[in-house]
Every structure is written in C-alpha cells, then in structure tokens.
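[1] Next input, structure requested:
(chains A and B)
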Number of protein chains: 2
Amino acid sequence: MDSQELMKELSRQSPSKIVLLVIDGLGGLPHPETGKTELETAKTPNLDRLAAGGVCGLSDPVLPGITPGSAPGHLGLFGYDPVKFNVGRGVLEAVGIDFPLQAGDVAVRGNFCTVDDAGLVTDRRAGRIPNELCAELCELLDGQVIDEVEIAVRPVKEHRFITVFRGEGLSYEATDSDPQQVGVPPLAVEAETPEARKLADTANKFVESAKKILSEKHPANMLLLRGFSAEPGFPSMNEIYKLKAAAVAGYPMYRGLARLVGMTTLAVGTGIGDVFETLKQHYDAYDFFFLHIKPADAAGEDGDFSRKVKVIEEVDLYIPEVTALSPDVIAVTGDHSTPAALSGHSWHPVPLLMSSEYCRRDAITDFSESSCLRGGLGRIAAVQIMPLAMANALKLAKFGA
Amino acid sequence: MDSQELMKELSRQSPSKIVLLVIDGLGGLPHPETGKTELETAKTPNLDRLAAGGVCGLSDPVLPGITPGSAPGHLGLFGYDPVKFNVGRGVLEAVGIDFPLQAGDVAVRGNFCTVDDAGLVTDRRAGRIPNELCAELCELLDGQVIDEVEIAVRPVKEHRFITVFRGEGLSYEATDSDPQQVGVPPLAVEAETPEARKLADTANKFVESAKKILSEKHPANMLLLRGFSAEPGFPSMNEIYKLKAAAVAGYPMYRGLARLVGMTTLAVGTGIGDVFETLKQHYDAYDFFFLHIKPADAAGEDGDFSRKVKVIEEVDLYIPEVTALSPDVIAVTGDHSTPAALSGHSWHPVPLLMSSEYCRRDAITDFSESSCLRGGLGRIAAVQIMPLAMANALKLAKFGA
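    Numbering: from 1, shown residues only, chains lettered A, B, ... in the order given. Just a heads-up that it's a prediction; the model follows:
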C-alpha cells in the first residue's frame, strides 16, 4: 500500500479548505553578484509573514537530481507519484492545448510535412507553415468518422497539430508514421499489441484520407504522426482525497493536467491578479484550490533574473487576498526550480511553506531557499505535500488502531 | 531487499545492550501563550545531558502527514514497516487485554446483544451490561472445544469481549455475524475463501451453542462477532536482529504488541518508577529493552498540557537510573505525537535522541522538537531507528565487500 492508497483509505470529507499556490519554477540559484536567489532577492513581506506563522521546508519534485517537466512536476504536487503516473506525449500535447480528453481517447502528435511526387518525405516540417495555415488545414481534416471512430484534429503551432481518436476498443500501443528522416515514404502505423489493431487500422485510414485532402496543399501536402498515447485514466482527487477540487490556471497545459486528476477548471485570465480574483469568486463552491502562477517560470526560462524577482514580488502583493479568506491550510511552493542562471527547469529542491492552525511552527521568518533548508518540514518529496496538507486540514483519519 | 531483510543478513549477536525508551505520544504542539511544546516546557536536565552527549533528530512514525494508532506507531519503532505489517482488529483487541495469542490463532471481537423472541436483534450492545456481568457470561462460554478447535472467550469492557479460536487449519477470511443494525437476525458467518470454511463452520457452531447458554440471560441473550483476524506471524526480533528482547510495559496493549514481535514481556506495575525498577532487575538477562511510558499520551489525549509536562519531568528523574547501567545505546523517542492542543494522536514528527559511544555528536544540548530539527540524525522514518540503534551497538556487519 503506497501513500496514495493510504490517502484513499484515510481521507474524510469535511468543510475545511486547502489552497495550494504553485509559483511555477519558484526555486532558483544565487545571483553571482549578490549571492541571493530570485526568491531571496524579492521583497516578499506577505509570504514572509505567512512563513513566520507556518512551517517551511524543501521539496524534491521527483527524486534528488531529477529535473522534471511540467507534467511530473505538477502530478507530484497533486500527490501522484510522477514516476508511476506517466502522461504520454500525445496526451500531454492535447492537454497543452486544453483539448477536453475523455477516458478511452487516444491522442497523437502530428506534423504537416512535404512529400514529392513519388511520396517520399522532403521536409518533415513543411517549411514551418504559419499558425493560420495550420489551423485552416486542421479544419479540413477535423470531424471525420472512420469505422465509428471520431477523429478530432486541432492546431498546436506552425506545422504541429494533434489528433484524437475517440471510439470503442482503442488502444495506444502503435508505432509512429513519422520516419524521422527525409527521402523515405511515411511509415504505416503498426499495432504493437493485438488490442491496438483497431487504432492502427483507423489511423492508417485517416492518413490515407488526409493524403487526398492535402494533395493540393503543397508544401503541407502530407502529415506524420508520432507518440500515440491514451488518456491515462488516473484516479481522481475526489476518489483519493474526497475533495471537491478546482484549478485556477490561466494556461491550457496546467488546466489540462488538473483535468487529468479530476479537478474542475475555472475560467481565468492569464494575469497574476486574475488568479486571485477567480479564487475569491469561487471560494464557497470548492474545498481545494490549485492556483497556478506561470510567469515566474517563463522569466527563469528566459534567463531573466530580475523579471523573475518582479513576478515573485507581484504574487506577494496578492497573498493578503488569500489569507483574508481564512482557508484552513495554505501551501505555497513550485512544481520545480527554474533558475535564471540555467535558463531552464532544474533539479534543485523547491521552497515549501505550509500555514495552518495545527502546523508545528518553526523559527523561519522569511520565505527563501536558505531559510526553508532549516525549516520544520525538513526535506520531503513533493508527493508528500498533499498528505501533509490533508493532515493539517484535519481531513485524515488515524491509520491503524 | 528492504531494510528489515538487510538487518537479517547483517545483524550479529554480541554482548552490547540497547535500551529503547518510548514515551508514548511524546511530540507536541506549542502552547499558545508560551510558544513552547510540552517537551520544551518540561524541565528535563537529565534528558538534556543525554542529548548533549548524543545525537538527535525527528522521526516520522509512518509517512509525513499520517497519524498512526498505537499498533503502527510501535511496529515502526521495532523496525517493522507499519504499512506492510498489519495487525487485524480482532488480534489488536486480544492483544489489548494481554491474551497470549499463538501462531495460527484466529481472534474476533464480540458484543453481547439482545434478541427478541423471533431472534431479531433489538439492542446491539445489550444495554451496555456492567463489566462484572460480561466477565461472568464469558466464563460460561469459555473453554468449549468444537470440532477439535479450542475456544477462548475473555471480557474486554461492558458488552465487549474477544473470542479466540485455536486449532489446525484455521483461516480468518470470514464475514461478521454482526448485522450492524437492529430489527434483523444475526448473520451466519461465511467463509470468503475455501481455507476459511473450517473457521466459519466452527464459529457458527459456537454461536449456536452460545445462543443456548445465554437464552435465559436477557438482556445479554445473544452475541455478535466482527473482525476475524489471524495472529499475524511476524518474524521475531530475535530472527531479525539476533536480540534477546524484553518489553517493560505496564499496559496490556503494549505488552501484546511486543509479544507479536517475539519479545519477552516482563512483569511490571503501571507506575513510571516501576518501569525503571524492572529494567534494573532484569538488566543482565537481555540485550534489548523496550521501556514503555504510557501517561504522557494519556495526558495529551485528555488535552492536559501541564499534566503531560509533569509526566515528562517525572520520566526525566529516572534517566540517571538508565545511564547508571551503562547500556551501549540509549534511544529515547515516542511512537507518535499526541499534542494536548489536538487531544489526540497526530502526524507531527517525533523527537528522537540516540546516545552511544559511537554516535556522531551534534551541537544539540537540550531535548526538544525545535532542537531535534537541527539534530545530526535529520528527519528519518521510525523504521530506521532500530538499524541505527543496532549500528551504534556495533551489532551490524559490513554490507558488501
């Protein structure tokens, strides 16, 4: 029995409320001139006050040394072991454009490509056609029904799109049609298991149909598929924690990840203030809120130390709006570190703050990497954050007699 | 190979001695007026001296956020993963009245109940008959042999008792006879596996016999059984650690738990001083001692902060009697936290102190939650305490060449 199974057994519905504030890419590395990280440089009087009344620590998103992508980073925070709960590439891409996947769906990534008269691939990206053309071509292909399988085709960016197959008895274990090289024809999709024969068959018929539809659309006169994967059928947060959970996330990828674990996604703008405004509007209707703040990660990815500092300072201004609602538990952390010094995600443990009436306070009075290192939560795995939040909300029964 | 299997391979018998002092419910939460926990409030010069010469840390009884009952709390301290080593309800109840269970025994909880002339249950608790009557009725039912199965019936409290079935080929996978409602007859016990048929058959014959014996004993004219479970057959501490282990525990539940892992239970009173007196008397005969101090937990459960402080202070007075014996390792901890602020067990990590010639001392000079947070042992799972104690007693061989 793992921690999640324990949660299923021990969790109890109750009126208490939990707010999980995820500042994407929160953790950082010191600026060479000041020796302070982005979070340590930012003026955060409100987060510091929350830290002073709560308990801090550091969390490893997956395992020490492992740099997570957005999917494992968030699944860990939601209490799903990111090594065990895997999201396939096609599903992640569909989730990333907010496509409403259903149980049983199979999603795959696609490229528009160029083929010559002999049908050999000459450009795997069709000259990176503009977004508008991609959207037009997707519309031509979208909505077909082949052998009772509904096929959705949606644009992603430039030559990239997704295709979702919806019907009875589909399985995702099938090979790519993308040959990953030019000068050869696209490959037939082949089933890797007997269960995947129907999917492979339908996919090949879809490719044949697309070939005809696209024949006059040079340079985008053909398509390639890769990364078939199935909607993963994760147990929902309601099943595990008996929570009525809502996601307040402005970006589609994070709404999609929240939907994979059964959260209701609330409409919200992409500004930082929008997130907190949406929380207030819907505060009475749910008992768990996942708030997602994207721009800290984006600044880190751009290597922009001072912009990341400013994002953190802006988030801090809204903390009083959360505390004014008096949730039973407020947890603040990130899904991973994104140090400006690395211009990308990293493996460094992430600052974590938990505030509740029943947390055992530590001596930390400011929210920062170096303070969290001395915090009362110690260093924990991200998957342990939800059990701790549930405990602090008094939503867990005793284990064993 | 898990930690326990490693212990089996690496442990060596030696003359060195380990004393594990368990102050039940030791960990706490700060008093709102002083900001200090029960342990931080208590004057504990002797524990502080031990901490100064030893190494401290915090331990999670099961996993972060999980609040353990007494069974998982103690199994962890004895080095048995409490999620893996499960004790059934019937067995725990039998253990709780110090019933000497043997391998193969099946135990079940029972209620005396009231049935009407039609045999329908009218009161599942028989009006909560007094303890004395419960004991009399149990004597009437005790000692029967049905199909070569010996049946023991022992009182617990009011209408509650336990029944233990002892014989060849018994298995516990059987349903309750307790219908959990009134207005219906008791249910027949049904085997859930083929192996449990003999147990179910015997249990039903026992119920029939009891019905006759109790027929004139209104309101306790029938009984209900629930929670069949088997003596779990855990590997003993002798098998795992090659220790001759003794339990010094005044309360039956803890003696019973110690017996489940093969400890010898020594006769002892329920006073705090009795525990240390018994340790002295038997010190030469064993190489591992589990000392159990109950009243700290009881005070916490009652929400009585100052009584818990006093219990801890009283324990402290006896520490010199332990150190005077010069055991090679002294470990002091709790099976879980029981903060007076929560009037119950909690998930908070538990202070841990280990004193030995070979521990790597840290800078901690007082034994408290906040100091242990900075201790040299860091934050560990309770199942790691025994391996550490064994190492400090130089009872473990090197792993690998």
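[2] Okay, and the closest residue to chain B within the stretch 251-400 of chain A sits in which element?
    Nearest residue of the stretch 251-400 of chain A to chain B: residue A:387, at 3.2 Å (CB to the nearest CB). For every residue, glycine as well, the C-beta is placed using N, CA and C. Element membership for residue A:387, per DSSP states H and E: helix A:385-392.
[3] for that helix, what is the average pLDDT?
    Helix A:385-392 carries an average pLDDT of 98.
[4] what distance separates the start and the end of stretch A:172-182?
    Taking CA to CA, to the nearest Å, stretch A:172-182 runs 26 Å from one end to the other.
[5] residues of that stretch that come out buried?
    A:172-179 (16 or more other CB atoms under 10 Å in any protein chain shown).
[6] and what of stretch A:223-243?
    A:223-232, A:234-235, A:237-238, A:240-243.
[7] Those in helices, which ones?
    Cross-referencing the buried residues of stretch A:223-243 against helices under DSSP state H gives A:237-238, A:240-241.
[8] tell me which parts of chain A are close to chain B?
    Within chain A, the positions adjacent to chain B are A:1, A:3, A:6, A:10, A:358, A:360-363, A:374, A:376-380, A:384, A:386-391, A:396-401 by CB under 8 Å from any CB of the partner chain.
[9] And the buried ones among those, selectable in ChimeraX?
    A single ChimeraX command selects the buried members of the residues of chain A next to chain B (16+ other CB under 10 Å):
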select /A:3,6,10,358,360,361,362,376,377,378,379,380,384,386,387,388,389,390,391,396,398,399,400,401
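[10] Which ones among the residues of chain A next to chain B map onto strands?
    Among these, DSSP state E puts A:378-380 in strands.
[11] Would you mind measuring from residue A:36 to residue A:340?
    Distance, residue A:36 to residue A:340, by CB to CB, to the nearest Å: 12 Å.
[12] more neighbours, those two?
    More crowded of residue A:36 and residue A:340, by other CB atoms under 10 Å in any protein chain shown: residue A:340, with 23 against 17.
[13] so who does the more buried one touch?
    The contact partners of residue A:340, by CB atoms under 8 Å, 6 or more residues apart in numbering or on different chains, come to A:28-29, A:38, A:299-300, A:302-305, A:308.
[14] Spatially nearest residue to it, not counting backbone neighbours?
    Among residues not flanking residue A:340 along the chain, residue A:305 sits closest, at 3.9 Å (CB to CB, 6 or more residues apart in numbering or on different chains).
[15] number of nearby residues for the one you found?
    23.
[16] Now that it has come up, it's in contact with residue A:32, right?
    No. Between residue A:305 and residue A:32 there is no contact under CB atoms under 8 Å: 9.8 Å.
[17] residues bridging contact with these two, i.e. touching both?
    Taking CB under 8 Å, 6+ apart as the criterion, residue A:305 and residue A:32 both touch residue A:341.
[18] Could I get the contacts of residue A:340 in a markdown table, plus columns for distance to residue B:313, secondary structure and pLDDT?
    Converted to a markdown table, the contacts of residue A:340 look like this (distance: CB to CB, whole Å; DSSP: H, G, I helix; E, B strand; the rest coil; pLDDT from 0 to 100):
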| residue | distance to residue B:313 | secondary structure | pLDDT |
| --- | --- | --- | --- |
| A:28 | 46 | coil | 98 |
| A:29 | 47 | coil | 98 |
| A:38 | 47 | helix | 98 |
| A:299 | 54 | helix | 97 |
| A:300 | 51 | helix | 97 |
| A:302 | 58 | coil | 96 |
| A:303 | 57 | coil | 97 |
| A:304 | 57 | coil | 98 |
| A:305 | 52 | helix | 98 |
| A:308 | 51 | helix | 98 |
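[19] Would you point out the most distant pair within these?
    A:29 and A:302 (14.9 Å; CB to CB).
[20] And those two? Which one has more around it.
    Neighbours were counted for residue A:29 and for residue A:302 using other CB under 10 Å; residue A:29 has more, 19 against 14.
[21] and the closest residue to that one other than its chain neighbours, how many neighbours?
    Take residue A:29 and drop its neighbours on the chain: the residue closest to it by CB to CB, 6+ apart is residue A:339, 3.7 Å away. Using other CB under 10 Å, residue A:339 has 22 neighbouring residues.
[22] before we move on, what about residue A:103?
    There are 8 residues near residue A:103, going by other CB under 10 Å.
[23] same thing with residue A:147?
    Neighbours of residue A:147 using other CB under 10 Å come to 10.
[24] who's in contact with it?
    Here residue A:147 is in contact with A:167, A:198, A:201-202, A:205 (CB under 8 Å, 6+ apart).
[25] do that again at 10 Å, thanks
    Contacts for residue A:147 (CB atoms under 10 Å, 6 or more residues apart in numbering or on different chains) come out as A:167, A:198, A:201-202, A:205-206.
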